[in-house]
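Participant: turn this into a structure:
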Amino acid sequence: MAPVKRKVRSQPIAVKKAKTVEKAVDVSDTDSIGDDGQDLMAAAQRGEFDEDESEAGEWESQSDEDAMEEEAMDVVSGNAVKKPSTGADDFVAGELEGLKETAELYKSNIFKLEIDELLAEVGVDYEKHKRLLNALRAVKSIFEKEPDTKEQLLNDFIKSMEKKHKIVVPILDSPPPQDSQYKFMYQKPSSVNVIGGYALKTICKLKKPFSVDVAVEMPSAIFQEKDYVNNRYFYKRACYLAVLARAIRKSKVGLTVEFGMLNGDAHRPILLVKPIGDKSELDFTKTKCMIRILPCVPSDVFPLHRLAPGKANVRHVDSDDEVHRPTPLYNASVLMDTTLTANSAFLYQHSKSCEGFRDAIKLGRIWLHQRGLDMSQTGSGFNTFLLAMIMGYLLQGGLPGGGRKLSTSHSSYQLLRGTLDFLSTHDFEKDPVFIGKSDHDNFAVENFTNHYQVVIVDPTGTVNMAAHMSKSSLDQLQHEAKLAMSYLNDTVDRFEALFLQNVNEAGLRFDNFMTLSTSSTTVSSYDDHARSEYPIYSEYLVQRIGNVLKKGLTNRVDLVAVQRNIEHTWGIQLKPASLSAQTINIGFVLDPDNAPRLVDQGPDAQKTEECEEFREFWGDKAELRRFKDGSIVESVVWNYQGYENRSAIVQKIVQHLLKRHFDISEEHLHYWANQLYPFLHVPKCVPNNVFDRRLEITGFQPVMTAYNDLAKMFRSIDGELPLLISNIYPCSAALRYSSPILPHAVDFNTLVTRPTIGRYIDPIDVIVQLERSSKWPDDMDALQKVKAAFCLRMSDLLRKRRATESVVVDDHTLTNELEARGYLDVYFEGFVFRCHLHVPHEELILKSIVNKNDGLVKEKAQKALQKHQYQFHHQQLHTFHIQALCAKFPALSATIRLVKRWFSTHLLSCHVTDELIELLCAYVFLDPHPWTPPTSPMTGAVRVLNLLATWSWHKTPLLVDIEQELTTSMRDEAFKNFTMLRQRSPQMNQGAMFVATAKDLQGVRWSQSRPNKAIAVRIQMLAKESLKVLETAFSLNDVKRIKGLYTTSMADYHAVIQLKTSRCTRYYENVHAHKNHFAKMGKPILGEEPYVGFDPVTELVKEITNVYGDALLVFYDKHGGDKIALVWDPQVTAAKQWRVGLGLNTVPADMNEDGVLVPSKGNKNEISKMATTNFSAILKEIERLGAGLVESITSSAT
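Facilitator: Sure thing, here's the model as predicted:
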């Protein structure tokens, strides 16, 4: 489960504390994972690792450098703020009152402290915005001083602005007709007011610069009564904006301007004002914000009922329709310009009556930003303003029956929680939100619900504030709100997942995701009417694609998130770049049970209309089928077999629907889902007689079937054994669905025809537990001999009764006579099962020896006992739990296999146990926060890499609840154990990565000795570089770059041993195996016997580690690697005073390359008594150790 000690991630939000101000403003390419420019191994050897970036992070100050006098925002209107004095008694009283109320108003004391700290950090110090206020005053003055113009034809004005002033009027929709008689004149604004979050004091310092919104009300006199039709209002609005841009530019006050769109609405361009950085009194660069000029009009400038949702206000001359179609989005865009100040007043009133309202909006703003839900990030149509309006709605008592969900006495936490609960559970389709209602029939509820996908009507009852919000955007909002409520209801503190982690990365967030490039070619339904509603084609697609995909995917997906970039800006002297060719991003959160479904059933054949609709929707994919239950229904069948192929069904459905309904071909799509699967397979150059490709369909089924048959076979001979077999347990990665290479059956009779590089057979460990008996000997040596005799008896019975070959093996390489030794290899159904006899009496003997002896005997007994418990208890339990988790989470098995491949290709095979990797992978499924559990292996693997890259293992333990038994007290105990371990060993000589489970709160089973600190640093560096590779591949839609994820650089190592590939028995597993090595089959070089567990590379690595382990680190890929890399330990190999027994091959420090002693300069011609490591000699010794296997050794300068 979650790490016990919370760490603030480095998604920057803020740094300075806020001071409350009450008054509102009124101004009236990667080929391999390597060092990326730094010596990763050197850093790892030095034990360097990243400190918590969050402590400094990317947090930035956004205040002006010059302090401001005792002057708040009210200075603009001439009102000074007098600060009340605060005494010590008031402070104490407030503290006591706060403690008293915390239990009622907040989730917990800690949660309140976290909220207070966060709000202090994100708060904006308005008192330091002197230059920003100067700029606001200057802008207002410029607008008011701009002289009025005479009325002239609108087309003439547009041409004049471009010719004389080099300003292109920002008309993004169809331009006015050339023969139109529309007229325009400029008059100074009726009012200029700061509105929005800045006026309400709800701005937060986020990574992105904040905006200061200035509403510029255009006078009614420049409009005619029917200017709301045929874009006339928008033409004049654009012209008015162009005059404002000209006024600022010609003032030359150190401000620059450019055009943009308000919330992505092409009907409503805006003006963005920024400083040029001239360090003048108007230079607010350090405030890190921009001023947005938002033109608006009085609410009575047009008859409101003429802009009701069902009204048609764009009439096309060449339209064949006798009755013009309604233009609800066009109408909403006009109406939104009439309510800017009114809605700000609505929020301001709530902020005055409810003390926690402002802080609640700040928390909501942070939540939206971190979850990527704000429309400025995704074009979702939802933003902080809408969240605040809904919160106000819940405060005012607009629920059915007049009830109120929120109270003015609620804390900021309660306000946000209540709002999130409302968002997560409310049915917006059946019960649209009306903050206010109009008495006019044209604004009845059904008029809104018939014309908009989402309805949230403002206090006037006339404007749907969510007019541009799609159903898929609402689905994503509610999905995230449900997640947020689960965090708030969790007994574990989820503050970090809720507010501190930025989760808007597609590769981590979605199971499948895709980018869609919209071309200049549009669908036939995008006619003149559609263009009047959606001037930008991508917005039109976003509104429709989500609905089509959701309908086609049904319950295969939990979420279809459709997003687009709406932040388009352009110079005032330019026409906007083409807005038709844009990128749409679509993410899918899959349902693990339904996503791989093979058949989609439609309506019964007798329902003619519904069948016709079904066939129209699916096209040639629809077919009439009879099912086993006798039903005859329209259906869509996807003929795919195997987990990997079936996981691509969602992709095939999406591609089919996009082509059929939007004429979007596959070349315009970049779909990310199954690109990592090739790294789970043996290379294509491996002959079929070495690896059966059908396994890619059947997966682990053959080996599991063989294991079950083996268990039955042992039961069949049970009666002829001296003791009954009480149980048979799997304890191998192959039997818990986590071996990187699929276990493959071999034909033992034709094995001799395979080349040496394809003859390795991985034994599958099985525990055969015998029943208890008092007749077992108490002497360990005697017990081992009895076990060997038992194995011989079993082997004899298997051969006679079941015609099954088996071999009894006694491990002669063991040096500890107290260790369990020997096993039975059973050659069964193409697999080799390595059976270990478990005799419970053996553990009792070892414990007795430990208790009764001291010194070397006790030490040997302890090691033997540890090995016994690891083999017969820990591995068996671990296998059971991983098996269960793989059944619960279908993507976990492939995720583990991908991550194990990643570790091995980066030569970390001997530094991290399989079990530790499996726990790391299980963690992202059991504790997926801030996301949902991954349903695709690629997402699972990317999240594991993200965990490795961001986990502060030197400060925080990792608790993985594979047993589903972790309690709060267990978590506390694990954290205590971790703290004690770090106190005992601050250098992290043990347990560098502390990973604990409910059965291992000490964190010693799988990570006590491996990885060490240097390797842990190396893992984190590689994970970060791997994420960069993925990020580049995703952003460029370049699948080829994914190969770099499983390619490591050899430049970081001091020496590289190139092995003879022909002697590497596991080479066929190498992810980059070359076909040339399989061209000549030849006779096996190492004999014709089956190579069961025989891997010369691993044996050489063990030998090098045993002899030189104190002086170097060894790196290799156990899955077919043909290289061994070495890194010298600088602390051991550094020059030192010569003495007997240094433990290394050394040479005098003053000996040159020719073997001559030459005194170093400044040594007065005396030979130094210092000795240095003789690296070349050690490499020669290693070459002799690997004689016949080592081809060459290359060494870099040390």
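Participant: can you pull out the low-pLDDT segments for this protein?
Facilitator: 1-108, 317-322, 398-403, 520-521, 578, 580-581, 1080-1084, 1154-1156, 1160-1166, 1197-1198 (pLDDT under 70).
Participant: kindly report the domain assignment for it.
Facilitator: Using automatic domain parsing, the domain ranges for the chain come out as 510-598+638-674, 685-888, 908-1047, 1055-1195.
Participant: got the ones you listed as TSV, with distance to residue 203 and mean neighbour count columns?
Facilitator: C-betas here are computed from N, CA, C, even on glycine. What follows is the domains of the chain, written out as TSV (distance: least, C-beta to C-beta, whole Å; neighbours: other C-beta atoms under 10 Å):
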stretch	distance to residue 203	mean neighbour count
domain 510-598+638-674	18	19
domain 685-888	44	17
domain 908-1047	24	20
domain 1055-1195	50	16
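Participant: need those in JSON lines (columns: distance to residue 459).
Facilitator: Shown next, in JSON lines, are the domains of the chain (distance: least, C-beta to C-beta, whole Å):
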{"stretch": "domain 510-598+638-674", "distance to residue 459": "25"}
{"stretch": "domain 685-888", "distance to residue 459": "48"}
{"stretch": "domain 908-1047", "distance to residue 459": "34"}
{"stretch": "domain 1055-1195", "distance to residue 459": "62"}
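Participant: wait, which of the ones you listed is closest to residue 122?
Facilitator: Each of the domains of the chain was scored for nearness to residue 122 using C-beta to C-beta, and the closest is domain 908-1047 (18.1 Å).
Participant: off-centre distance for that closest one?
Facilitator: 15 Å (C-alpha atoms, centre = their mean, to the nearest Å).
Participant: next: stretch 384-392.
Facilitator: Worked out by C-alpha atoms, centre = their mean, stretch 384-392 lies 28 Å from the chain centre.
Participant: give me the contact list for that stretch.
Facilitator: 196-197, 200, 202, 343, 346-347, 350, 357, 360-361, 364-365, 368, 374, 406, 415-416, 419, 422-423, 433, 435, 456, 458, 465-466 (C-beta atoms under 8 Å, 6 or more residues apart in numbering).
Participant: list the buried ones in it?
Facilitator: Neighbour counts over stretch 384-392 (16 or more other C-beta atoms under 10 Å) mark 384, 385, 386, 387, 388, 389, 390, 391, 392 as buried.
Participant: so what's the backbone phi/psi at residue 464?
Facilitator: Here is the backbone geometry of residue 464 (degrees, to the nearest 10): phi -80, psi 100.
Participant: my read is that it contacts residue 449, right?
Facilitator: No. The pair residue 464 and residue 449 fails to qualify as a contact (C-beta atoms under 8 Å) at a distance of 9.8 Å.
Participant: so for these two, which sits in the more crowded spot?
Facilitator: Per other C-beta atoms under 10 Å, whichever of residue 464 and residue 449 has more neighbours is residue 464, with 28 against 18.
Participant: residues in contact with the more buried one?
Facilitator: Here residue 464 is in contact with 309, 328, 332, 448, 452, 455, 456, 457, 458 (criterion: C-beta under 8 Å, 6+ apart).
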